[in-house]
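In: Task: produce atomic coordinates for the following.
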Amino acid sequence: MINVSIHTFNAFQQNTSVVSDESGNCVIIDPGCYSSHEENELTQYIESSGFKPRAVLNTHAHIDHVLGNQFVSSKYDIPLYLHRDDLSTLRSVENYAHLYGFEGYKKSPEPTFFLEDGQVLTFGNICFKVMHTPGHAPGHVVFIDTANNFVINGDVLFRGSFGRTDLPGGDFETLKSTILNKMFSLPEDMTIYCGHGPSTTIGTEKVSNYILNF
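Out: This next block holds a predicted model:
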C-alpha cells in the first residue's frame, strides 16, 4: 500500500510530497520546508509515522522546491536525486535566494545521483518511472507510479493551468510539447499530484487545461 502525503510550505505555497510504503520506507519529493516550523512539521510527520527516509527526489531545482534539500538530506543522511540538466539551476539558487526573502537559505548539497529519462527507481515497495518533462525547467522530471496510478508532477501541469516558462531555462513551446505528447499519453484516470494547488487527473486536464487554448 503506497501513501502520498502532501505538505504545503514556504511563501510560494509549494507542495512537498512524502511517499511511503507499508513497510515504512519513504521518499521526500521537492522538500520546500524553510522555516523551523515547517521543518518540524515535516520531521514530526515522518517520525511519528515511524518512516525510514530513503531519498530526496527533486522534480526540478527552482528555489521553492529545494529550500529543504540541505535540511532533509543531512537530517536523515540520505541521497539527493536530480536530473543533470537542472544542476546549474540548483547551483544558482544561493545567488538569488535573498531576493525572494530567503536570507537563511541553506545551500543544497550536490546531487548524489543524476536522474535519467526512462529510469526506474525502487525504494522498498515504492517504484517510480522517471520521465523527462522539460519546458518549465530544462531538467524537470516527473515520477510515475504505474501500479498505483499516480504521478508526482512538479510544475508541469496544475489543475486548469501549467508551469510558467518565463524563468531562465523555460520555454513555452517545449512545455506545450511535453504536456501534449508526454503527460497526455498517461492513463486518463491517473491522479496528478501538482507542485502547487490541488491534485487533478490526466483526463480532466486533457479536456479543460488552459494549454489547449494555445
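
In: What residues sit buried inside the top helix by length along the chain?
Out: For the chain, the longest helix by residue count, based on DSSP state H, is helix 36-48. Of the residues in helix 36-48, E38, E39, E41, L42, T43, I46 count as buried by neighbour count, 16 or more other C-beta atoms under 10 Å. C-beta coordinates here come from the backbone N, C-alpha and C atoms, glycine included.

In: how about those in TSV, adding distance to T8 and pLDDT?
Out: TSV is the format used below for these (distance: C-beta to C-beta, whole Å; pLDDT from 0 to 100):
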residue	distance to T8	pLDDT
E38	9	98
E39	14	98
E41	10	98
L42	11	98
T43	16	98
I46	16	98
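
In: In the protein, mark out all the helices, start to finish.
Out: Ranges of helices within the chain are 36-48, 63-66, 69-76, 87-96, 172-181, 202-208, based on DSSP H.

In: Residues in contact with the longest one: which ones?
Out: When contacts are taken as C-beta atoms under 8 Å, 6 or more residues apart in numbering, the neighbours of helix 36-48 outside the stretch itself are 5, 7, 9-10, 16, 18, 26, 28, 31-33, 53, 68, 71-72, 75.

In: ok, now with 6 Å
Out: H7, F9, C33, F71 (C-beta atoms under 6 Å, 6 or more residues apart in numbering).

In: Okay, angle between it and helix 69-76 too, please.
Out: Angle, helix 36-48 to helix 69-76, by axes from the mean of the first three to the mean of the last three C-alpha atoms, to 10 degrees: 40 degrees.

In: Please save the CA atoms from helix 36-48 in CSV.
Out: Taking Å, rounded to 0.1, in the frame of the first residue of the first chain, the C-alpha atoms of helix 36-48 are listed here in CSV:
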residue,chain,number,x,y,z
SER,A,36,11.9,25.9,11.6
HIS,A,37,8.2,25.4,12.0
GLU,A,38,8.0,23.8,8.5
GLU,A,39,11.0,21.7,9.2
ASN,A,40,9.4,20.5,12.4
GLU,A,41,6.1,19.7,10.7
LEU,A,42,7.8,17.5,8.1
THR,A,43,10.0,15.7,10.6
GLN,A,44,7.2,15.2,13.1
TYR,A,45,5.1,13.6,10.4
ILE,A,46,7.9,11.3,9.3
GLU,A,47,9.0,10.3,12.8
SER,A,48,5.5,9.9,14.3
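
In: I'd like the distance from it to the chain centre, please.
Out: 18 Å (C-alpha atoms, centre = their mean, to the nearest Å).

In: Can you measure across stretch 68-88, start residue to end residue?
Out: 18 Å (C-alpha to C-alpha, to the nearest Å).

In: quick one: buried residues of that stretch?
Out: Buried, per 16+ other C-beta under 10 Å, within stretch 68-88: 68-73, 75-76, 78, 80-83, 85-87.

In: what does stretch 195-213 give?
Out: Across stretch 195-213, burial judged by 16+ other C-beta under 10 Å covers G195, H196, S199, T200, T201, I202, T204, E205, K206, N209, I211.
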